[in-house]
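[1] could you look at this predicted model? Sequence included:
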Amino acid sequence: MKRHESLHALSQHHHFALLESLFIRRATQESGATRDANLKKVAENFVEFWESKGKLHFREEEEILIPAYALHVSIDTDHDVMRMLADHAAIRAKIGKLAAFLSNSQPFEADLTELGEILQNHVRLEENIIFPKMEKILSEEELQRVGHLLTWLHPKGSCEL
C-alpha cells in the first residue's frame, strides 16, 4: 500500500520494529549451545532499540498524529485507535518488565516472545487500518503539517538501525 509521504518516517520506524520482531522470533526458534546467549543479545538489542527509537515513536503518534485525527473523530469511539493506545501501554509495560528481568538475570524468554508478537500485531494494525483511516480523514494540509513535524524530528536517514 502506498503511504502518504507525511507518514513515511513512522512507516520506516515500523519496518525496523518488524525486523526486531523477526529477530525475536528467529532467536526463540533456535536450538543449540548458543541459543541462550543469542536470546539475551536479541533481548538487549530490543531494549536498546526501544530506548533509542521506540519511545519517541510512540510519543510522536500520541502527541502529533492522534491529536490531528482527534480534530475529526472522537477517538474514544474509534476502537482501532483505542486498541493502538492500549497496545502502546502494554508494550511499554512489557519492555519495562523485560529490562528488569535482564538486569536481574531472571528468565525472560516467554516475555520476549510475547513482546515480539504484540509488536508485530501492533505494527500491522497501524499500517493496515489506522494510517489508511487517517489518510482519508486528514486534509492534505493537515497531513503536510504532521509530516513536517515528523520530518523535523527525523531528518532523512535518521531512522536507521
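    Okay, I see it.

[2] Val146 is in contact with Ser6, isn't it?
    Yes. If you go by Cβ atoms under 8 Å, Val146 and Ser6 touch, sitting 5.1 Å apart. (Glycine included, C-beta is placed from N, CA and C.)

[3] where does this protein dip in pLDDT?
    Low-confidence segments of the chain (pLDDT under 70): 1, 151-161.

[4] mind listing the helices for it?
    With DSSP state H, the ranges of helices along the chain come out as 8-29, 35-49, 55-60, 66-70, 79-103, 109-125, 131-137, 140-153.

[5] gap between the last one and the chain center?
    The gap between where helix 140-153 is centred and where its chain is centred comes out at 19 Å by Cα atoms, centre = their mean, to the nearest Å.

[6] same question for the fifth one.
    Here the centre of helix 79-103 is set off from its chain's centre by 10 Å, with Cα atoms, centre = their mean.

[7] helices or strands next to it in the packing?
    Contact here means 3 or more Cβ pairs under 8 Å, 6 or more residues apart in numbering; DSSP states H and E; on that basis helix 79-103 packs against helix 35-49, helix 55-60, helix 66-70, helix 109-125.

[8] buried set for that helix?
    Buried positions in helix 79-103, judged by neighbour count with 16 or more other Cβ atoms under 10 Å: 81, 83-85, 87-88, 91, 94-95, 98-99, 101-102.

[9] most widely separated two among those residues?
    Spatially, the most separated pair among these is Val81 and Leu102, at 31.5 Å (Cβ to Cβ).

[10] okay if I get the helices of the chain as CSV plus distance to Lys2?
    Converted to CSV, the helices of the chain look like this (distance: least, Cβ to Cβ, whole Å):
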stretch, distance to Lys2
helix 8-29, 10
helix 35-49, 26
helix 55-60, 21
helix 66-70, 19
helix 79-103, 20
helix 109-125, 17
helix 131-137, 10
helix 140-153, 13
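
[11] understood, closing this out.
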